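Asker: Please find the sequence and the predicted model below.
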Amino acid sequence: MIKKFFMLFLVVLCLLQNVSKSYALENFDSSYNVTYTVGNDGITTATYDILLKNKTSQLYAQSYRIDVGLEHVKNIKSFDTNAGIVPTVIKNEKGSSITVDFNKKVTGLRNQVHFTLSFQTDEIAKKLGNIWEITIPGISHQEDFSSFTVHLTVPEYFGTPSYIKPSIQAKNSSTSYTSTFDFSKEQLGKNGISLAFGKEQFYDFTLLYHIQNKNIFSQVSEIALPLQTNYQDVYISDITPKPQSVVLDSDGNWKASYLLNPSERKTVGVKGKVKVSLLPKKQVESEDALKQYVQSRSYWQSTDEEISNLANTLKTPKNIYDYVTSKLSYDSTRVSQSKPRLGAKNVLKNPSSAVCLEFTDLFIALARAAGIPAREVDGFAYTQNFKQRPLSLKSDILHAWPEYYDKDVQRWIMVDPTWENTSGVDYFYTFDLDHVAFVIKGRDSMYPVSPGGYKDVKVVFSRNVLTNISSIDTIPTAKADISFSPFLFIVFIPIIGGGIFLGICSFFISKVAGTARNLSFFRQKR
């Protein structure tokens, strides 16, 4: 016998995860009108206007619970049509759980409960260096809601967004003080919302590499320096001590070499700046150069039968990306337990035990099996919410993500299936300004080692803007041999001991009869 009344707890999860469909949602039509209003100081007021309509005469809603996925919520208020409601707030590992008990029991077929819930948080809008960034997590099972609309209002001085995820045509309305963006259930799908205001981001970096020779004979040790990509420009201001040599490999990595005596330890400090752009530059690659990026490797088993069959079905980068984000589940316990890397083949057998490397490995293996050039990028990714945008390459220091080569537009395109899986925000059609590449792995799935692979590495990023990039201090004129690539000027400077130092000079040098005049060592004018 079915009970006539029961207590209903509807759970709205703001982090995408595999949750069984709530029995309660099958018995109520749920309509949501959600407004996020960002203040000049970044404090956001969230207002949920919710309507629950009975789909049966036997059941009614007595309580409502929302897990908002935000740790810092304050000034929580709730009202139904009768009076104010005192919410109950419980902190949990997912953020904050807010429960409201309705003042009146509404029974009867098609009768409805209308109530509002509002709170303030500092976790949605952040001023990060040169940009304002807004991230609103997706809601699980949005397809179960009868209607779902989100309105985002920001100060007008934020300017024009550099990107909007999901993409909408333009802001829907504006005043002298605010701009409003509207998102429908159809536009959102299962995804969250992400916007950035500002087209470039600037970082300072300080890296410490601890290298050691444990042998009884001298040996050369290599470290990988932050590299130029079609998304970023790198300016190295100091390397101490100076390397014996620096070479450029076929993946575009700068590898600095140090000769270590038996049992010698050495700490190398590298300082510099990175300018990250949202849109990638054109990068022409020959067919011969691309061949190495479709080959099978230790963790990218593109010739495996199961992977080959999947690739023949998926065919395109977008289909492969969607498959990876839906097939795998992020396993945060693997970060603390330091479990070994699974690779593409094994993660298909253990899809619920993936971290960023497995998301990357599976994408690369499937892409290569489909004949699409792909490779791995390891680096730093800025995050303030490790649940929505986790880092797992090296103990919550670094991150890994893939990129594929689009022959039609002649560009390497970075994507992040891990962060889309955990945040519900699109990282395929539009990337962001929070990823900084340290190394690229294409020829080999295990080498070169990223800075985080050298133990006790400290990475400190600041958000200072490089405002005077055209005015660079110089060092005295030196004899040099200069060669040119499509993206860099490569300058070879003699170093004590017979080696060379390779300067990453980009557009900062002039080539005059074999002599580098005004050779920049990337010192910023203060």
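Answerer: Looks like it came in fine.
Asker: Double-check that Lys266 belongs to a helix.
Answerer: No. Assessed with DSSP: H, G, I helix; E, B strand; the rest coil, Lys266 is strand; it does not lie in a helix.
Asker: That one is in contact with Ile211, isn't it?
Answerer: Yes. At 5.3 Å, Lys266 counts as touching Ile211 under the criterion of Cβ atoms under 8 Å. In short, each C-beta sits where N, CA and C put it, glycine included.
Asker: what touches both of those two?
Answerer: Common neighbours of Lys266 and Ile211, counting by Cβ atoms under 8 Å, 6 or more residues apart in numbering, are 221, 258, 260.
Asker: Return the set of residues that bridge with the second one.
Answerer: According to DSSP bridges, Ser221 are recorded as the beta-bridge partners of Tyr258.
Asker: The residue lying closest to Ala83 once chain neighbours are set aside: neighbour count?
Answerer: Ranked by Cβ to Cβ, 6 or more residues apart in numbering and with sequence neighbours excluded, the top spatial neighbour of Ala83 is Asn103, at 5.3 Å. Neighbour count of Asn103, defined by other Cβ atoms under 10 Å: 14.
Asker: before we move on, what about Leu208?
Answerer: 15.
Asker: Where does pLDDT dip in the stretch 301-450 of the chain?
Answerer: Counting by pLDDT under 70, the stretch 301-450 of the chain shows low-confidence ranges at 384-397.
Asker: most surrounded residue in the shared contacts of Lys266 and Ile211?
Answerer: Tyr258 leads these on contacts (other Cβ under 10 Å) with 21 neighbours.
Asker: residues contacting it?
Answerer: By Cβ under 8 Å, 6+ apart, Tyr258 lies in contact with 211, 220-223, 241, 243-244, 266, 268.
Asker: thought Thr107 was touching Thr56?
Answerer: No. Counting by Cβ under 8 Å, Thr107 does not reach Thr56; the two are 10.0 Å apart.
Asker: show me where the stretch 101-250 of the chain has helices.
Answerer: For the stretch 101-250 of the chain, helices defined by DSSP state H, counting those that start in this stretch occupy the ranges 185-188.
Asker: measure the spatially most central residue of the chain to Ile66 for me?
Answerer: Centroid-nearest residue in the chain, with Cα atoms, centre = their mean: Trp419, separated by 5.5 Å. As judged by Cβ to Cβ, to the nearest Å, Trp419 and Ile66 stand 24 Å apart.
Asker: about what we covered before: how about the shared contacts of Lys266 and Ile211 in CSV, adding pLDDT and distance to Pro402?
Answerer: Shown next, in CSV, are the shared contacts of Lys266 and Ile211 (pLDDT from 0 to 100; distance: Cβ to Cβ, whole Å):
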residue, pLDDT, distance to Pro402
Ser221, 94, 28
Tyr258, 97, 30
Leu260, 96, 33
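Asker: Can you tell me which of those residues comes closest to Val425?
Answerer: For the shared contacts of Lys266 and Ile211, the residue nearest Val425 by Cβ to Cβ is Ser221; the value is 39.3 Å.
Asker: so what's that closest one up against?
Answerer: Going by Cβ under 8 Å, 6+ apart, Ser221 touches 211-213, 257-258, 260, 266.
Asker: from those residues, which is closest to Lys275?
Answerer: The nearest member of the contacts of Ser221 to Lys275, counting by Cβ to Cβ, is Ser257 at 26.8 Å.
Asker: which residues touch that closest one?
Answerer: Shown in contact with Ser257 (Cβ under 8 Å, 6+ apart): 220-222, 243-247, 499.
Asker: likewise Pro226?
Answerer: For Pro226, the contact set (Cβ under 8 Å, 6+ apart) comprises 205, 207, 234, 236, 254, 270, 272, 274, 379, 436-438, 451.
Asker: Highest neighbour count among the contacts of Tyr258?
Answerer: For the contacts of Tyr258, neighbours tallied by other Cβ under 10 Å; top is Ile223, 25 neighbours.
Asker: Spell out which residues make up each domain of the chain.
Answerer: Using automatic domain parsing, the domain parsing of the chain gives 11-197, 200-278+466-524, 287-432.
Asker: Just the element for Gly371, please.
Answerer: Using DSSP states H and E, Gly371 maps to neither a helix nor a strand.
Asker: Now it. Nearest residue, chain neighbours left out?
Answerer: Nearest residue to Gly371, sequence neighbours excluded (Cβ to Cβ, 6+ apart): Val294, at 5.9 Å.
Asker: now swap in Ala370 and tell me
Answerer: Using Cβ to Cβ, 6+ apart, the closest residue to Ala370 is Ala311 (4.0 Å).
Asker: That neighbour: neighbour count?
Answerer: 22.
Asker: For Val113, see how far away the residue nearest to Thr175 when sequence neighbours are not counted is.
Answerer: Closest residue in space to Thr175, ignoring its immediate chain neighbours: Glu156 at 7.1 Å, by Cβ to Cβ, 6+ apart. Glu156 sits 36 Å away from Val113, taking Cβ to Cβ as the criterion.
Asker: ok, the two, which is more surrounded?
Answerer: Here Glu156 and Val113 are set side by side on neighbour count (other Cβ under 10 Å), and the busier one is Val113, at 22 against 13.
Asker: residues contacting that one?
Answerer: Counting by Cβ under 8 Å, 6+ apart, Val113 has contacts 51-52, 61, 80-81, 102, 106.
Asker: do that again at 10 Å, thanks
Answerer: 8, 28, 50-54, 60-62, 64, 80-81, 102-106 (Cβ atoms under 10 Å, 6 or more residues apart in numbering).
Asker: The residue nearest to Thr175 touches Ser179, doesn't it?
Answerer: Yes. Between Glu156 and Ser179 there is a contact under Cβ atoms under 10 Å: 5.5 Å.
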